[in-house]
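I need the structure of the sequence given here:
(3 chains)
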Amino acid sequence: MARSFVLKRESAPIPLVHYQIPYAEHLNPQQLAVVEAPNGPALVIAGAGTGKTRTLIYRLARLVESGVPPEEIVLLTFTRRAAREMLNRATVLLDGRCEGIKGGTFHGFCLSVLQRYAQQIGFPVRFSVLDAADAADVVDLLRTQQGFHQSKTRFPKKDTLYHLFSASINRQKDIPQLLAQEFPQYAKHETEILTLYKAYDQYKQKHGLMDYDDLLVRTLQLFEAHPTIRYEVCARIRHVLVDEFQDTNKLQGDLVAAFASVHGNVMAVGDDAQSIYAFRGANFQNIMGFPKRFAGTTLYKLEENYRSTPPILQLANHVLSQAHERYEKELFSRRDGGELPAIVQAPDDRFQSRFVCQMVLQLREEGIPLNEMAVLFRNGRDSYDLELELARCNIPFVKYGGLKLNDAAHIKDVLAHLKIVENPLDAVAWQRVLMLLKGIGPKTAQELIQWILTTDKPYDFDSLQPFKKHVGQLRSLALLLQDLRKGERLASSQVSDVIHYYGPILERVHPDDTEKRRQDLEHFVGIAANFVTRGDLLRALALDPIERSTVEVEAIQKDEIPLVLSTIHSAKGLEYQAVFVIQVLEGVLPSAYALNRRSALDEERRLLYVALTRAKDYLFVSHSVLGYQRSFGGEYFTKPSRFIQDIPEHLAEPWQLVESSPSNNELSTGDPYLSLPSSS
DNA sequence: GCAGCGAAAATATCT
DNA sequence: TTTTCGCTGC
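Numbers count the residues shown, from 1 in each chain, chains lettered A, B, ... in the order given. The predicted model follows:
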């Protein structure tokens, strides 16, 4: 197919394409088959560490070398980080020719489509994208407006409600069903919740707002309502490649089908054993159903693991084999030797942190760079104690997952000012901005917003009679907004202006930690410098929020490449020479939320499997006997996760951490053959 | 109707 | 640790 395509474009007969890259030398036969796959639908089942990313990259290069215009190739990945990395590597591989390939998340790609056609489905060109916190704020606004918060029995909070709405869309279940399953305590509020759901949907339409789910849903709606647009968009997608296909949900499956609807060239890559997004409606049946959905699918398999040593794989296989739903797959390593993974028991959290720090330092001595080591955990907060210890040991780190800088109140405040300039209909942002003013509370803000939404001069408050009391403050706000609105000013200079205006407010609202927050804001100006327009900045931030810890890292040490801290979910698809999995405890991994459902427990188990298979050479799985509850200073006993109970000793070595001598702080493994360096 | 205080509650994974 | 709720005084 590719060949005849080339013949059509060039008038002279070209018998064969000359490939610059020696594919057969760089790839094993299974990988090569994928890279050379003919046009049409293809499904690649690729176990952990089988060179899936590498294969995809070579596939991209191959397509480009075969004459497919790079801008007609779309690579859909799970995170922006993954897309960026793959496209960079492909670009290097084929001296820059892959640069034009479009890559990103489903949400990101849908956003780019919607930005062009938003008006066709009744949205303003400059619609706003709501992140999870924004969306919850909208829900909260409506919740209060409808008076549901005053109900006699407890009414669900904004986060719960938004979670419910989002789950309903992503898992294709109606709200009563979800309520009965997950929140039986709120079942009696079913009618109100349904009312709220409808109100939420209408509100977003009316104010030009889209949440994450809307990006997918509205794109599908757009395609359905306007087949010509669908054709126009998808005709430009000659090839679509989807990574981590096991983690796509129904909506994303439908989108893939739409994207491939003109050219039919779709390649999906996935591994059912690594499915860890069922909570978001991911359905690995998408993999099973792929050949049915796309007639003529060719199936490929990648089975040889190049990443991990045999002992690491054996432990991972063992963990997976205990799942209720059995997996037939067993990965085999192409490597030899390797040390047994360690199951490390620490007396308490502090010990665990000190152990990690000392081990990291020791491995660095042995020549492993910090960014080739990762500490993985179930929840963002599971690393708090470790973060303190790392700072104490002067070990620089980056953290992925967990809280984002965007969630900090002061950043949200600044963003809200930009949002109302971008989209004057964004009432939630208005509310936030107005309530920062002295003497303006929820009631006054609502009245002001009523007026703002109906006027054609939303940034001119001078004519406002009933709000005379506030006219001074409103005037300086108006000045700022009118200034920002003028011309096409650079995003970072707009951010600076807002911060300048916001300075006094910051001091008044957060008198205790003004300085710390001011530093965040300065950091934020730097980030804004990566974007040209205000709209670019806002949309990028909504989809790819700033990691909170990167701020602190820069403060610690700028020169050394940092150690990686990451939630397991965020570590998907990546690999490291040494991996520490910490806090492997009952109630943490598996999560307490998963304990009573088999399928959820299996997902937690796969999560640990994903964590273990990130390791190439060294693997440490740790847990502590005593935990410290951060909320009120208490201690509690913990149990090691059921997933690491009763692991035979030939699969992993049990280590017990003990204080080597009461007089100093050194740790010992209790094993005379294992020495740990003292912390200096 | 707003601000400030203290008590109480909650506390995932990601886009 | 942080957010939310409810009360009180202005």
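
make it CA atoms for all contacts and neighbour counts henceforth
OK.

Up against DNA strand B, what does the stretch 151-300 of chain A have?
A:212-213, A:277, A:279-280 (CA under 7 Å from any atom of the strand).

Save those residues as TSV, and put in neighbour count too.
Formatted as TSV, those follow (neighbours: other CA atoms under 10 Å):
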residue	neighbour count
A:212	18
A:213	16
A:277	17
A:279	12
A:280	16
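
where exactly do the helices run in the stretch 401-550 of chain A?
Counting by DSSP state H, counting those that start in this stretch, the stretch 401-550 of chain A has these helices, from start to end: A:409-422, A:427-435, A:442-454, A:471-485, A:491-509, A:514-528, A:534-543, A:549-556.

Check the stretch 51-200 of chain A too.
Using DSSP H, counting those that start in this stretch, helices in the stretch 51-200 of chain A cover A:52-65, A:80-93, A:106-117, A:132-145, A:158-170, A:175-182, A:190-207.

quick revisit: closest one of the residues of the stretch 151-300 of chain A next to DNA strand B to residue A:256?
Using CA to CA, residue A:213 is the member of those that lies nearest residue A:256, at 15.7 Å.

any idea how far residue A:312 is from the residue in the stretch 151-300 of chain A that DNA strand C sits nearest to?
Among the residues of the stretch 151-300 of chain A, residue A:157 lies closest to DNA strand C, at 6.0 Å counting by CA to the nearest atom of the strand. Distance, residue A:157 to residue A:312, using CA to CA, to the nearest Å: 43 Å.

Looking at the two, which is more packed in?
residue A:312 (28 against 14; other CA atoms under 10 Å).

could you say which helix or strand contains residue A:336?
For residue A:336, there is no host helix or strand (DSSP states H and E).

ok, now which ones touch it?
By CA atoms under 8 Å, 6 or more residues apart in numbering, the contact list for residue A:336 reads A:309-310.

next one: residue A:216
Contacts of residue A:216 (CA under 8 Å, 6+ apart): A:106-107, A:110, A:251-252, A:255.

Switch the residues you listed over to CSV; also include distance to residue A:316 and pLDDT.
Output for those, formatted as CSV (distance: CA to CA, whole Å; pLDDT from 0 to 100):
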residue, distance to residue A:316, pLDDT
A:106, 30, 95
A:107, 32, 95
A:110, 36, 96
A:251, 31, 94
A:252, 29, 95
A:255, 33, 96
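
From those, pick the one nearest residue A:133.
Among these, residue A:107 lies closest to residue A:133 (CA to CA), at 16.8 Å.

From the structure, what's the count of residues near the closest one?
Using other CA under 10 Å, residue A:107 is surrounded by 22 other residues.

quick one: it from residue A:327, how far?
Applying CA to CA to residue A:107 and residue A:327 gives a distance of 31 Å.

what does the stretch 451-600 of chain A put close to DNA strand B?
Residues of the stretch 451-600 of chain A lying close to DNA strand B by CA under 7 Å from any atom of the strand are A:543-544, A:567, A:569-570, A:591, A:593-594.

Quickly compare the helices of the stretch 51-200 of chain A and say which is most buried.
The highest mean neighbour count among those, using mean count of other CA atoms under 10 Å, belongs to helix A:52-65: a mean of 23.

Who are the packing partners of that helix?
In this structure, helix A:52-65 makes packing contacts with helix A:29-35, helix A:80-93, judged by 3 or more CA pairs under 8 Å, 6 or more residues apart in numbering; DSSP states H and E.

Can you tell me which of those helices is nearest to DNA strand B?
Among the helices and strands packed on helix A:52-65, helix A:80-93 sits nearest to DNA strand B (CA to the nearest atom of the strand), with 6.4 Å.

Measure how that closest one sits relative to helix A:106-117, angle-wise.
Computed with axes from the mean of the first three to the mean of the last three CA atoms, to 10 degrees, the direction of helix A:80-93 lies at 90 degrees from that of helix A:106-117.

Give me the pLDDT value at the spatially closest residue to residue A:505 that is not a sequence neighbour.
Leaving aside its chain neighbours, residue A:505 sits nearest to residue A:436 (7.1 Å; criterion: CA to CA, 6 or more residues apart in numbering). Turning to residue A:436, the model gives it a pLDDT of 90.

Run a quick neighbour tally on residue A:436.
Residue A:436 - counted by other CA under 10 Å - has 17 other residues nearby.

Also residue A:95?
10.

show me the contacts for it.
By CA under 8 Å, 6+ apart, the contact set of residue A:95 is empty.

can you rerun that using 10 Å?
Taking CA atoms under 10 Å, 6 or more residues apart in numbering as the criterion, residue A:95 is in contact with residue A:61.

now it: how far from DNA strand B?
With the distance defined as CA to the nearest atom of the strand, to the nearest Å, residue A:95 ends up 28 Å from DNA strand B.

Residue A:38 too?
With the distance defined as CA to the nearest atom of the strand, residue A:38 ends up 30 Å from DNA strand B.

And for residue A:238?
Applying CA to the nearest atom of the strand to residue A:238 and DNA strand B gives a distance of 23 Å.

what about residue A:580, which SS state?
strand (DSSP: H, G, I helix; E, B strand; the rest coil).

Show me what it is bridged to.
Residue A:580 has these beta-bridge partners by DSSP bridges: residue A:375, residue A:620.

Residue ranges in chain A under the pLDDT threshold?
A:1-16, A:149-153, A:458, A:462-468, A:549-559, A:628-637, A:660-680 (pLDDT under 70).

how does it divide into domains?
Per automatic domain parsing, the structural domains of chain A span A:2-112+A:215-303, A:128-207, A:310-403+A:557-668, A:405-546.

Redo those domains as CSV? Include distance to residue A:121.
Formatted as CSV, the domains of chain A follow (distance: least, CA to CA, whole Å):
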stretch, distance to residue A:121
domain A:2-112+A:215-303, 6
domain A:128-207, 10
domain A:310-403+A:557-668, 33
domain A:405-546, 17
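
Wait, residue A:369 touches residue A:396, no?
No: the criterion here is CA atoms under 10 Å, and residue A:369 misses it with residue A:396 at 11.7 Å.

I'd like the distance between residue A:581 and DNA strand B.
14 Å.

I'd assumed residue A:258 was in contact with residue A:294.
No: counting by CA under 10 Å, residue A:294 does not reach residue A:258; the two are 11.4 Å apart.

what do the two both touch?
residue A:264.

Which residue, other than its chain neighbours, is closest to the residue of the stretch 101-250 of chain A found nearest DNA strand B?
Nearest residue of the stretch 101-250 of chain A to DNA strand B: residue A:107, at 4.5 Å (CA to the nearest atom of the strand). The shortest distance from residue A:107 to any non-neighbouring residue, by CA to CA, 6+ apart, is to residue A:215 (6.0 Å).

for the helix or strand containing the one you found, the distance to its chain's centre please.
When elements are assigned from DSSP H and E, residue A:215 belongs to helix A:212-225. Relative to its chain's centre, helix A:212-225 lies at 20 Å (CA atoms, centre = their mean, to the nearest Å).

returning to what we had before: neighbour count: residue A:369 and residue A:396, which is higher?
Remark: of residue A:369 and residue A:396, residue A:396 carries more neighbours, 24 against 18, as counted by other CA under 10 Å.

Pretty sure residue A:269 sits in a strand.
Yes: counting by three-state DSSP, residue A:269 is found in a strand.

Quick check: it vs residue A:243, distance?
5 Å.

so what's in contact with the two at the same time?
A:44, A:52-53, A:56.

Tell me which two of the residues you listed sit farthest apart.
Farthest pair in the shared contacts of residue A:269 and residue A:243, by CA to CA: A:44 and A:53, 11.7 Å.

any common contacting residues for those two?
Residues touching both residue A:44 and residue A:53 by CA under 10 Å, 6+ apart: A:243, A:269.

hmm, back to that, kindly reformat the residues of the stretch 151-300 of chain A next to DNA strand B as TSV containing distance to residue A:304.
Converted to TSV, these look like this (distance: CA to CA, whole Å):
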residue	distance to residue A:304
A:212	36
A:213	36
A:277	25
A:279	29
A:280	30
